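Enquirer: Okay, sequence plus prediction incoming.
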Amino acid sequence: MATFVLVPGHWLGGWAWREVAGELRAAGHEVFAVTLTGLAERAAEATAEVDLDTHIADLVELIEGRDLREVVLVGHSGANMAVTGAADRVPGRLARVVYLDTAPLPSGMAMLDFQDPDERAEIERQVRELGGGRLIPPPPFDPAADPDNLAGLDEERLAELRKRATPQPYGPAAQPLTRPAEIPDTPKTLIMTTMPVALVEELAAGGNPVFSMMTGPQWSYRELPTGHWPMLSRPVELAALLDELA
């Protein structure tokens, strides 16, 4: 059986993995559902000093501190940066890295750099005006305004997101990640939920600098058609897919 470390994306805590973690534990796996510094039950820790290094340290300390080995490290959405940074630091303890509707970014790129200029400007406005200069407020989770990302979520799930989401520390989104000259060859799997794998492969073949990183013998691909929050919209199916990958 495998050891899973599940890392949620922006605005979420370990609570978001509740059903997925339950399914994996029922299958015999050991599961750690992470809440990163400054989020959910750790929201009081969201100081101006929280940055990407903080979140990488959260994961490295968990894995090394508990002497975890053969870990399947799963990162959703904005957790891609912390997961990639941790995977670069402790490759010998990992069996696989799973990117859930997200991907690693090139060295020197920050999460905010992935946004188009208008989106980034709007995020930075919200940080200044609503987040006290250090927090990214959660979105309204309005399916009328964001139907693709929120696909598969019923009103109960949407209400839970609105109630439990907490502001995201700005530092981890704004700090670039510097990667080693030689990227560890840890097996990696991309699980796409809002984009078909065929499109990812097309973008990679076309030389897109982000998607071209997701090629090579260490990469495998899976699809789970739903919205951007599959741990809430299709938790049973996601757990089964992770169990298969383990």
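Expert: Okay, I see it.

Enquirer: other SSEs contacting the worst-scoring helix or strand of the chain on mean pLDDT?
Expert: Here the helix or strand of the chain ranked lowest by mean pLDDT, DSSP states H and E is helix 197-205, holding a mean of 89. Counting contacts by 3 or more CB pairs under 8 Å, 6 or more residues apart in numbering; DSSP states H and E, helix 197-205 packs against strand 188-192, strand 219-223. In short, each C-beta sits where N, CA and C put it, glycine included.

Enquirer: Give me the buried stretch members for the last one, please.
Expert: So the one you mean is strand 219-223. R222 (16 or more other CB atoms under 10 Å).

Enquirer: Neighbouring strands - and their directions - for it?
Expert: Sheet pairing of strand 219-223 (DSSP bridges) gives strand 188-192 (parallel).

Enquirer: State the phi and psi torsions of the residue minimising distance to the centre of the chain.
Expert: The residue lying closest to the centre of the chain (CA atoms, centre = their mean) is H76, at 2.4 Å. Main-chain dihedrals, H76, degrees, to the nearest 10: phi -100, psi 130.

Enquirer: what sits against it?
Expert: By CB atoms under 8 Å, 6 or more residues apart in numbering, H76 lies in contact with L6, V7, P8, G9, L12, A16, L100, D101, T102, M231.

Enquirer: Which ones among those residues lie within helices?
Expert: M231 (DSSP state H).

Enquirer: In CSV, list the contacts of H76 along with pLDDT and distance to E70.
Expert: Output for those, formatted as CSV (pLDDT from 0 to 100; distance: CB to CB, whole Å):
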residue, pLDDT, distance to E70
L6, 99, 15
V7, 98, 17
P8, 98, 22
G9, 97, 24
L12, 98, 26
A16, 98, 24
L100, 98, 19
D101, 97, 24
T102, 95, 23
M231, 98, 22
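
Enquirer: Let me know the closest of the contacts of H76 to A151.
Expert: Closest approach between the contacts of H76 and A151, by CB to CB: D101, at 11.5 Å.

Enquirer: hang on, isn't the closest one packed against T193?
Expert: Yes: under the criterion of CB atoms under 8 Å, D101 makes contact with T193 at 4.5 Å.

Enquirer: Now for the two: what residues contact both?
Expert: H228, P230.

Enquirer: now D146: how far from V197?
Expert: Noted for D146: a distance of 22 Å to V197, by CB to CB, to the nearest Å.

Enquirer: swap that for D58, please
Expert: Taken as CB to CB, the span from D58 to V197 is 30 Å.

Enquirer: who has more neighbours, those two?
Expert: Between D58 and V197, counted using other CB atoms under 10 Å, the more crowded position is D58 (20 against 15).

Enquirer: tell me which residues in the host helix or strand of the more buried one are buried?
Expert: Per DSSP states H and E, D58 falls inside helix 52-65. Using 16+ other CB under 10 Å as the test for burial, helix 52-65 gives L52, T54, H55, I56, A57, D58, L59, V60, L62, I63.

Enquirer: Now distance to A82 and pLDDT too, for these, in TSV please.
Expert: As requested, the buried residues of helix 52-65 are exported to TSV (distance: CB to CB, whole Å; pLDDT from 0 to 100):
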residue	distance to A82	pLDDT
L52	7	98
T54	9	98
H55	4	98
I56	5	98
A57	9	98
D58	7	98
L59	6	98
V60	10	98
L62	11	98
I63	12	98
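
Enquirer: so which of the residues you listed would you say is closest to T186?
Expert: I63 (12.8 Å).

Enquirer: quick one, what contacts the closest one?
Expert: V5, V71, L73, A86, V90, R93.
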